[in-house]
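*Asks:* I would like to see how this sequence folds:
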Amino acid sequence: MVPDTAAASNSMEGEVIVSIDGDGGAEKVIIADITREGAWISIPLAEAASVPEWR
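*Replies:* Down below sits the predicted model:
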């Protein structure tokens, strides 16, 4: 059996941004790493935790 030779990257570089999108429907929180294609998630604003809730 040949071992997997793909090297794992330990690089934590990236640029993460957060935005509130209100496109006419329900507002959503979008979190994205703009240095990577397709690296984003979104959740309804009403379900997002506030900063004090995260502490």
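*Asks:* quick one, helices of this structure?
*Replies:* 51-54 (DSSP state H).
*Asks:* what bits of it have low per-residue confidence?
*Replies:* 1-11 (pLDDT under 70).
*Asks:* now do 80
*Replies:* For the chain, applying pLDDT under 80 flags the ranges 1-12, 23-25, 51, 53-55.
*Asks:* now do the strands in it.
*Replies:* Secondary structure of the chain (DSSP state E): strands at 16-21, 28-33, 40-44.
*Asks:* quick one: residue 22 from residue 31, how far?
*Replies:* Going from residue 22 to residue 31 by CB to CB, to the nearest Å gives 16 Å. Quick note: C-beta positions are derived from backbone N, CA and C, even for glycine.
*Asks:* tell me who's in contact with the residue nearest to residue 33 when sequence neighbours are not counted.
*Replies:* Sequence neighbours aside, residue 39 is the residue nearest to residue 33 in space, at 4.0 Å (criterion: CB to CB, 6 or more residues apart in numbering). Residues in contact with residue 39 (CB atoms under 8 Å, 6 or more residues apart in numbering) are 14, 32, 33.
*Asks:* my read: the last one touches residue 14, true?
*Replies:* Yes: with contact defined as CB atoms under 8 Å, residue 33 and residue 14 form a contacting pair (4.5 Å).
*Asks:* dihedrals phi and psi, residue 27?
*Replies:* phi -70, psi 140 (degrees, to the nearest 10).
*Asks:* more neighbours: which of residue 22 and residue 31?
*Replies:* residue 31 (14 against 9; other CB atoms under 10 Å).
*Asks:* which ones are touching that one?
*Replies:* Per CB under 8 Å, 6+ apart, neighbours of residue 31: 16, 17, 18, 40, 41, 42.
*Asks:* relative to residue 51, which of those is nearest.
*Replies:* residue 18 (10.8 Å; CB to CB).
*Asks:* find the nearest non-adjacent residue to the closest one, please.
*Replies:* That would be residue 31: by CB to CB, 6+ apart, it lies 5.3 Å from residue 18.
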